[in-house]
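Visitor: here are the coordinates; sequence isn't available:
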Ligand SMILES: Nc1ncnc2c1ncn2[C@@H]1O[C@H](COP(=O)(O)OP(=O)(O)OP(=O)(O)O)[C@@H](O)[C@H]1O
Ligand code: SF4
Ligand SMILES: [Mg+2]
């Protein structure tokens, strides 16, 4: 059995209307039947465009939102059914790191107080002295000096604040950490440091991560398995290498094709799939395959009427498409030829911005690489100096703190692409 198993998880938010009496007039189908497994010690990356339900899914695992249907099983226990007090105890084992470190840290508490709060609540450490020692050792692990204890969140840069957010999760000795857009509010060089830190901590402490991101490169760096979400459901899931080497679902193909390749020869020849039309509203999702309103291969026969199951198609892929095999073999005709452009050398194609292109990541790896880079290779590409106090300029620190967009603590719904 996997450490974390989600089975048919649905989170539907009621839409209420009425002056005197609230009437439910519909639902936002934010998460609509997600099943996935996360193995101990692995990283599961969750990608998809803004509003597809990534944060809601992460929050449902921690029961920060009510689960409408389905089960979330951690180490054999179904969290969806746990009564409040037991769930509170289980929450120690599941921690979340938020996109905006400043918004999720109380500005009136110093770092010691922020980090000890959860420890006291969960009975970790027999007294404050013991807790302080533990906090110091965790601060050391995340690259912050022990004199950070008496300081306040506003005294740190964005990257340092994210380290504090990670430390706050770590002091509770969790099994699984859900990182919701952990680096998207940070400056690019700091993003790399935080990702390296997550990677190192995983190796040292045997942590299991679910990393939510709209940035495909960030997810690729650290994920063993990647799940692609579209309008509340998983449309494809595969080991990271397989997904990047050969995406099978038309939506994943479009996402991948929007990632520029640093090699000009490969960049000139690669195929681009341009999605037409807007992302439909999760309050009124399309019938059948939810992607059929934008899919370049949508077929008249089944696509608009029959919802595809996420099914194994070999090579480690699970794909929710009736015609995945035919698309892969080239047997299926395009039904929206204008939505696809093969960019050939020397030919300029004028492209209108699309939602898919807004997914272009800020940290890039060659898309023709078929293997997940090992930790050493990643580090070579990424700066590794810890952004500890004193080793950054005031300008850089100010830039980071500016970059951190305000977000309500724990809500985690920023991260737009
Ligand atoms: N509490 C809520 N009540 C009603 N609707 C909600 C609530 N929280 C989220 N939603 C809606 O659910 C959908 C999914 O939102 P969610 O924040 O999970 O998306 P996301 O994939 O994390 O997007 P982003 O990349 O922008 O963070 C959105 O349409 C959002 O408006
Ligand atoms: S089921 Fe049909 S509409 Fe959906 S992704 Fe496959 S081909 Fe496209
Ligand atoms: Mg989100």
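Guide: Thanks, I have the structure now. Nothing here was measured: the structure is a model prediction, and the numbers come from that model. Ligands and ions are numbered 1, 2, ... in the order given.
Visitor: give me the neighbour count for the residue in the chain that ligand 3 sits nearest to.
Guide: Nearest residue of the chain to ligand 3 (CB to the ion) works out as residue 55 at 3.1 Å. (Each C-beta comes from the backbone N, C-alpha and C, glycine too.) Burial of residue 55, expressed as a neighbour count using other CB atoms under 10 Å, amounts to 27.
Visitor: now residue 5
Guide: Neighbours around residue 5, by other CB under 10 Å: 17.
Visitor: check whether it sits in a helix, strand or coil.
Guide: Applying DSSP: H, G, I helix; E, B strand; the rest coil to residue 5 yields a three-state assignment of strand.
Visitor: please give the element, helix or strand, for the residue lying closest to residue 195 once chain neighbours are set aside.
Guide: Beyond its immediate neighbours in the sequence, the residue positioned closest to residue 195 (CB to CB, 6 or more residues apart in numbering) is residue 221, lying 5.6 Å away. Following DSSP states H and E, one finds residue 221 within helix 216-222.
Visitor: try residue 294
Guide: Assigned by DSSP H and E, residue 294 belongs to neither a helix nor a strand.
Visitor: need the contact list for it.
Guide: The contact partners of residue 294, by CB atoms under 8 Å, 6 or more residues apart in numbering, come to 251, 275-277, 339.
Visitor: in a markdown table, list those along with neighbour count and secondary structure.
Guide: Formatted as a markdown table, the entries for the contacts of residue 294 read as follows, by neighbours: other CB atoms under 10 Å; DSSP: H, G, I helix; E, B strand; the rest coil:
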| residue | neighbour count | secondary structure |
| --- | --- | --- |
| 251 | 27 | helix |
| 275 | 26 | coil |
| 276 | 16 | coil |
| 277 | 12 | coil |
| 339 | 20 | helix |
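Visitor: which of these sits closest to ligand 1?
Guide: For ligand 1, the nearest member of the contacts of residue 294 is residue 251. The distance, counting by CB to the nearest ligand atom, is 13.9 Å.
Visitor: ok, of the contacts of residue 294, which one's closest to residue 173?
Guide: The shortest distance between residue 173 and any of these, using CB to CB, involves residue 251 and amounts to 37.5 Å.
Visitor: give the contact list for the closest one.
Guide: With contacts defined as CB under 8 Å, 6+ apart, the neighbours of residue 251 are 228, 230, 235-236, 275, 291, 294-295.
Visitor: quick one on the thing from earlier: need the contacts of residue 294 in JSON lines with distance to residue 324 and pLDDT, can you?
Guide: Formatted as JSON lines, those follow (distance: CB to CB, whole Å; pLDDT from 0 to 100):
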{"residue": "251", "distance to residue 324": "11", "pLDDT": "95"}
{"residue": "275", "distance to residue 324": "18", "pLDDT": "81"}
{"residue": "276", "distance to residue 324": "21", "pLDDT": "77"}
{"residue": "277", "distance to residue 324": "21", "pLDDT": "77"}
{"residue": "339", "distance to residue 324": "18", "pLDDT": "47"}
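Visitor: so which of those are also by ligand 1?
Guide: Of the entries in the contacts of residue 294, not a single one is placed beside ligand 1 under the rule of CB under 6 Å from any ligand atom.
Visitor: could I get the residues you listed in CSV, plus columns for distance to residue 77?
Guide: Written out in CSV, the entries for the contacts of residue 294 read as follows (distance: CB to CB, whole Å):
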residue, distance to residue 77
251, 33
275, 40
276, 45
277, 42
339, 45
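Visitor: closest to residue 19 among those residues?
Guide: Ranking the contacts of residue 294 by separation from residue 19, with CB to CB as the measure, puts residue 277 on top at 35.4 Å.
Visitor: phi first, then psi, for the residue nearest to that closest one when sequence neighbours are not counted.
Guide: Closest residue to residue 277 in three dimensions, ignoring its sequence neighbours and counting by CB to CB, 6+ apart: residue 294, at 4.7 Å. As for residue 294, its main-chain torsions (degrees, to the nearest 10) stand at phi -130, psi 0.
Visitor: just to be sure, the residue of the chain closest to ligand 3 is in a strand?
Guide: No - assigned with three-state DSSP, residue 55 falls outside any strand and is helix.
Visitor: for residue 209, see how far away the residue nearest to residue 195 is.
Guide: From residue 221 over to residue 209 the distance is 12 Å, taken as CB to CB, to the nearest Å.
Visitor: same deal with residue 257?
Guide: Taking CB to CB as the measure, residue 257 and residue 209 are separated by 27 Å.
Visitor: what does residue 42 give?
Guide: Per CB to CB, residue 42 is found 8 Å from residue 209.
Visitor: overlap of the contact sets of these two?
Guide: With CB under 8 Å, 6+ apart as the test, residue 42 and residue 209 reach no residue in common.
Visitor: helix or strand right after the lengthiest helix in the chain?
Guide: Using DSSP state H, we find that the single longest helix of the chain is helix 188-205. The first helix or strand that comes after helix 188-205 along the chain, using DSSP H and E, is strand 208-212.
Visitor: mind listing the helices for this structure?
Guide: Defined through DSSP H, the helices belonging to the chain, from first to last, are 54-61, 84-91, 111-121, 128-141, 158-170, 188-205, 216-222, 240-245, 250-257, 264-269, 324-329, 375-381, 394-403.
Visitor: quick one: buried residues of the first one?
Guide: Of all the residues in helix 54-61, those buried under the rule 16 or more other CB atoms under 10 Å are 54-61.
Visitor: repeat for the longest one
Guide: Under the neighbour-count criterion of 16+ other CB under 10 Å, helix 188-205 has 190-202 buried.
Visitor: what does the second one give?
Guide: Residues of helix 84-91 classed as buried by neighbour count (16+ other CB under 10 Å): 87, 90-91.
Visitor: give me the contacts around that helix.
Guide: Contact partners of helix 84-91, identified using CB under 8 Å, 6+ apart, comprise 62-63, 74, 77, 79, 82, 122.
Visitor: and residue 221 and residue 209? which has more neighbours close in?
Guide: Comparing residue 221 with residue 209 by neighbour count (other CB under 10 Å), the higher total belongs to residue 221, at 28 against 24.
Visitor: tell me how many other residues crowd residue 144.
Guide: 24.
Visitor: surely it is in contact with residue 164?
Guide: Yes - counting by CB atoms under 8 Å, residue 164 is a contact partner of residue 144 at 7.0 Å.
Visitor: measure the closest residue in space to residue 272 that isn't next to it in sequence to residue 140 for me?
Guide: Once flanking residues are discounted, residue 272 sits nearest to residue 257: 4.7 Å by CB to CB, 6+ apart. Taking CB to CB as the measure, residue 257 and residue 140 are separated by 43 Å.
Visitor: no further queries at this time; thank you.
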